[in-house]
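*Asks:* predicted model, plus sequence, below.
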Amino acid sequence: MVASWLPVPARDAHKYRRGRALLVAGSRAYPGAAVLAARAAQRMGAGYVELAVPDGLEASFAVAAPSLVVRGRHDWQSRWRADGAGPAGAPANDVEEPPLRAICVGPGFDAQGDADESRSLVLQALSCPVPVLVDGGGLTALCDAEGLRLVRRRFERGLDTVLTPHAGEAARLAACVGLEGSAAEAEDAPDRRALDLARAWGAVVCLKGPDTYVAAPARSQEAFPGASALPVRAMRWGGPELAKAGTGDVLAGMIAGLMAQGTPASRAAFAGACVHALAGSEAARRGSVVSVIPEDVLDALPAALNALLMS
Ligand SMILES: NC(=O)C1=CN([C@@H]2O[C@H](COP(=O)(O)OP(=O)(O)OC[C@H]3O[C@@H](n4cnc5c(N)ncnc54)[C@H](O)[C@@H]3O)[C@@H](O)[C@H]2O)[C@@H](O)CC1
Ligand SMILES: Nc1ncnc2c1ncn2[C@@H]1O[C@H](COP(=O)(O)OP(=O)(O)O)[C@@H](O)[C@H]1O
C-alpha cells in the first residue's frame with residue numbers, strides 16, 4: 001500500500017509540476033543539516049527545491065549543492081506574507097512564481113544559540129498556507145503558547161502540519177501541552193504518546209526511534225486507508241545503522257519532498273519513514289551497519305525507492 005502513496009512523475013512533467021519545496025534550515029552552528037534535508041527532498045522527487053539559509057552563507061551552500069536554489073533568510077522573510085493571507089504559497093510581491101507546495105523548517109536550527117531567530121522563522125513558516133513540517137531545532141523553538149496556538153489554528157483551517165520529534169523533542173512537545181506521564185511511561189507506549197501529541201497539537205506526529213510511530217490528528221483519520229480504529233501506525237523497518245547524527249535531517253527532507261508533490265501529510269510521513277528505513281538497510285548492505293553515514297542513506301535512497309515501487 002505504501003508504494004501507491006509514492007508519486008511517480010508523469011510523462012509531461014516539468015520541474016514546477018513535480019512540486020516546489022522550501023527548506024528553511026541550517027544555522028552557523030549546524031549548516032550541514034540543511035544540505036542533508038534539501039538533498040533528501042530532491043531525491044524523493046520534488047522538482048524545485050529552495051533552501052533559505054543564514055544571510056551571508058548563500059555562496060557556500062550554492063557551491064556545496066549546485067542544484068539547490070539558495071536564498072538568504074531575509075530574502076525569504078521579506079518575500080512572503082507574514083499573515084499567510086492570499087493564495088497558497090503566494091509571494092508578497094507581484095513576481096510571477098509557481099506556487100510553493102511545502103515548507104520544511106528547523107533542521108539544523110541552533111535553538112539555544114539563535115533562539116529568537118529560530119522562533120521567528122518557525123512562526124513565519126507556520127503562517128504560510130501550505131503544508132509545513134517542523135523538525136530539529138525548529139521543534140524546540142515551537143514549544144511555547146504562540147507556537148501551539150499557530151499549529152492548532154492551522155488544524156482548524158484544514159492546513160497540514162507535521163512534527164518529527166525524537167524522544168527528547170517529544171518530551172518537550174508533551175510538556176508544552178501539559179501531557180501527563182513520565183518519560184518511562186512514554187517509552188512504554190510510544191504509539192499512545194504519538195497519538196496524544198497529534199491530538200493535542202493538531203498535527204501529524206512522526207515519533208522517531210528504533211521503531212517510528214506516525215499518528216494523525218482526528219481530521220486525518222481517513223489518511224491511513226485500512227488502518228485499525230486509531231489513526232496511528234508503527235513502522236518497524238530499519239536498524240541501528242540509522243543511529244547517527246544527521247539521519248533525522250534526511251528524513252525531514254524526504255517527507256517534505258513527498259508533501260511538495262501532493263502526498264497528504266500522514267501518508268508522506270509514513271511512506272517517508274519506510275523509504276528512509278529501507279535506504280538505511282540498503283546502505284548497510286552495501287557497506288557495513290557500523291559505517292553507514294547519512295550521506296550513504298541519501299545515496300541508497302534511489303534503490304530503496306525502486307525496491308518499494310517494484311514491490
Ligand atoms: N550535520 C548537522 O548539521 C547536524 C545537525 N543537527 C541539528 O542539530 C540541532 C540539535 O539537534 P539535537 O537532536 O542534538 O538537539 P536536542 O537539543 O534535541 O539535543 C538532544 C537532547 O535530547 C536528548 N534526547 C533524548 N532522547 C533522544 C533521542 N532519542 N535522540 C536524540 N536525543 C535525545 C539528549 O539527551 C540530548 O540532551 C537540530 O537542529 C538538528 O537538526 C543534528 O541533526 C545532527 C547533524
Ligand atoms: N536503532 C535504530 N533503529 C532504527 N532506526 C533508528 C535507530 N536509531 C535511530 N533511528 C532513526 O534515525 C533517525 C534519527 O533521527 P534524529 O534522532 O532526529 O537524529 P538527527 O537529529 O541527529 O538527525 C530517525 O529517523 C530514527 O527513527
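*Replies:* Structure received. Ligands and ions are numbered 1, 2, ... in the order given.

*Asks:* what residues does the chain have near ligand 2?
*Replies:* For the chain, the residues in contact with ligand 2 (Cβ under 6 Å from any ligand atom) are 136, 166, 208-210, 212, 238-240, 242-243, 245-249, 251, 276. For every residue, glycine as well, the C-beta is placed using N, CA and C.

*Asks:* and if we set it to 5 Å?
*Replies:* Residues of the chain found near ligand 2 (Cβ under 5 Å from any ligand atom) are 166, 208, 210, 212, 238-240, 242-243, 245-249, 251.

*Asks:* end to end, how far does stretch 106-119 reach?
*Replies:* One end of stretch 106-119 to the other measures 9 Å (Cα to Cα, to the nearest Å).

*Asks:* what does stretch 288-300 give?
*Replies:* OK, stretch 288-300 end separation, Cα to Cα: 13 Å.

*Asks:* how about residues contacting that stretch?
*Replies:* Here stretch 288-300 makes contact (Cβ atoms under 8 Å, 6 or more residues apart in numbering) with 36, 39-40, 43, 239-242, 244-247, 249-250, 276, 279-280, 282-284, 286-287.

*Asks:* which among these count as buried?
*Replies:* For the contacts of stretch 288-300, a burial check counting by 16 or more other Cβ atoms under 10 Å picks out 36, 39-40, 43, 241-242, 246-247, 249-250, 276, 279-280, 282-284.

*Asks:* from the residues you listed, which land in strands?
*Replies:* Using DSSP state E, no member of the buried ones among the contacts of stretch 288-300 falls within strands.

*Asks:* is it true that Leu148 touches Trp201?
*Replies:* Yes. Assessed by Cβ atoms under 8 Å, Leu148 is found in contact with Trp201 at 6.8 Å.

*Asks:* write out the residues of the chain neighbouring ligand 1.
*Replies:* For the chain, the residues in contact with ligand 1 (Cβ under 5 Å from any ligand atom) are 30, 32-33, 107-109, 136-137, 166-168, 245-246, 249.

*Asks:* most neighbours, which of those residues?
*Replies:* Of all the residues of the chain next to ligand 1, Pro107 has the most neighbours under the rule other Cβ atoms under 10 Å, reaching 34 neighbours.

*Asks:* so which strand or helix has that one?
*Replies:* Using DSSP states H and E, no element contains Pro107; it sits outside every helix and strand.

*Asks:* tell me the spacing between the spatially most central residue of the chain and Leu163.
*Replies:* Centroid-nearest residue in the chain: Ala252, 3.3 Å away (criterion: Cα atoms, centre = their mean). Distance of Ala252 to Leu163, given as Cβ to Cβ, to the nearest Å: 10 Å.

*Asks:* now list whatever residues contact both of those two.
*Replies:* Here Ala252 and Leu163 share the contacting residues Leu133, Asp135, scored by Cβ under 8 Å, 6+ apart.

*Asks:* which helices and strands sit right next to the worst-scoring helix or strand of the chain on mean pLDDT?
*Replies:* Here the helix or strand of the chain ranked lowest by mean pLDDT, DSSP states H and E is helix 183-188, holding a mean of 78. Helix 183-188 sits against helix 167-176, with contacts defined as 3 or more Cβ pairs under 8 Å, 6 or more residues apart in numbering; DSSP states H and E.

*Asks:* quick one: whichever residue of the chain sits closest to ligand 2 and Pro294, what's the gap?
*Replies:* Nearest residue of the chain to ligand 2: Gly248, at 2.2 Å (Cβ to the nearest ligand atom). From Gly248 over to Pro294 the distance is 9 Å, taken as Cβ to Cβ.
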